[in-house]
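Engineer: I'd like to go over a predicted model; first the sequence, then the structure.
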Amino acid sequence: MIGPRASNQALAAPLPETLRTVIRPSSGWPLLDLREFWQYRELLYLLAWRDVAVRYKQTVLGIAWAVLQPLLTMVVFAVFFGRLGGLSRCAGDIPYPLFTLCALLPWQLFSHALSESSNSLVTEKRLLTKVYFPRTILPVAPLLSNLVDFAIAFVLLLGLMAWYGVGLGWQALTVPLFVGLAVLTALGLSLWLSALNALYRDVRYVVPFLTQFWMFATPVAYSSRIVPEPWRNWYGLNPMAGVIDGFRWALLGAEAPPGPMLAASLTATVLLLTTGLFFFRRMERTFADVI
């Protein structure tokens, strides 16, 4: 029989080393721990699915908004930019509504993900200050939820292509590569903006202006061919320019294969993602104190 004194000593005994988890702040310029990130993948899926459920909760049309947003924007572009602005000639033989919708899908994936991910740390401040998990999960989760909307809207694009009699070629196999490039671009910029937003809350007011300005600097309503040839490769330093040109080439055959421009866009994306990851990991030790 174990007496009270013996049981108290047993409770006070230190835990075995195998049951201890010591969490220390990172030092220097740390890289992303992919193994730790993978261990918390269930939390990532849970946050992403919650974003999808909350977005359409108590809405009349529900998930149909994922189709209506690009569809209505396409109509506005077709009327004001195509018919009244005369930009329909940029589309060549491709119907201008289809030309713009093909660009709107990756653009809205990028812009919506950027808007939500850049504010993710502030939105989840209660979770961030109470429990440990890899902080990079917070800006990544909105990217996954917006991929669901993109997949739904992509069906609309395929339907419009069938309506206009535009078929798919072997280039369509490269679409996931351009989707990935758009997601990585949004992630790289979101890592910068979410970390800065935790320190300076006025960053959230900059993001809508940034995305609006960026859209007009990206060939969504027009073709990149209107940019003079000597400057076109430099124009590719806008990562979304390479993504949208790639989409139109892969699905519509509207452009030449995006070679040098795509290389410039890929370089800009890698630079943005690498520096954003280093900056985010450098600043994450202060998030719980300043959020």
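Structural biologist: On my side now, so go ahead. Residues are numbered from 1 along each chain as shown.
Engineer: Distance check, R285 against L34.
Structural biologist: Taking Cβ to Cβ, to the nearest Å as the measure, R285 falls 19 Å from L34. For glycine as for every other residue, the C-beta is placed from the backbone atoms N, C-alpha and C.
Engineer: Who has more neighbours out of these two?
Structural biologist: Taking other Cβ atoms under 10 Å, R285 and L34 do not tie; R285 has more neighbours (14 against 9).
Engineer: Would you mind measuring from the more buried one to L193?
Structural biologist: 18 Å.
Engineer: Same question for A91.
Structural biologist: 33 Å.
Engineer: Then L44?
Structural biologist: 19 Å.
Engineer: Neighbour count for those two, which is higher?
Structural biologist: When neighbours are counted by other Cβ under 10 Å, L44 and L193 differ, and L193 comes out ahead with 25 against 20.
Engineer: who's in contact with the more buried one?
Structural biologist: Each residue near L193 by Cβ atoms under 8 Å, 6 or more residues apart in numbering is listed here: L114, S117, S118, V203, V206, V207.
Engineer: wait, which of those residues is closest to G236?
Structural biologist: G236 lies nearest to L114 out of the contacts of L193, by Cβ to Cβ, at 19.3 Å.
Engineer: what sits against the closest one?
Structural biologist: A186, L189, S190, L193, V207, T211.
Engineer: tell me the SS of it?
Structural biologist: Put simply, L114 is helix when judged by DSSP: H, G, I helix; E, B strand; the rest coil.
Engineer: Which secondary structure state is assigned to the residue lying closest to it once chain neighbours are set aside?
Structural biologist: In this structure, L114 finds its nearest non-sequential neighbour in A186, 4.9 Å apart by Cβ to Cβ, 6 or more residues apart in numbering. On the three-state scheme (three-state DSSP), A186 is labelled helix.
Engineer: what about F247, helix or strand, and which?
Structural biologist: Assigned by DSSP states H and E, F247 falls within helix 239-251.
Engineer: How far does that helix sit from its chain's centre?
Structural biologist: Helix 239-251 has its C-alpha centroid displaced from the chain centroid by 16 Å (Cα atoms, centre = their mean, to the nearest Å).
Engineer: per-residue pLDDT, L252?
Structural biologist: The model reports L252 with a pLDDT of 89.
Engineer: ok, back up a step: could you flag which of the contacts of L193 are buried?
Structural biologist: L114, S117, S118, V203, V207 (16 or more other Cβ atoms under 10 Å).
Engineer: OK, contacts around the residue nearest to the fourth one when sequence neighbours are not counted?
Structural biologist: Yep, that's V203 we're talking about. Spatial nearest neighbour of V203, chain neighbours left out: N197 (4.0 Å); criterion: Cβ to Cβ, 6+ apart. Neighbouring residues of N197 by Cβ under 8 Å, 6+ apart: S118, N119, L121, V122, V203, R204.
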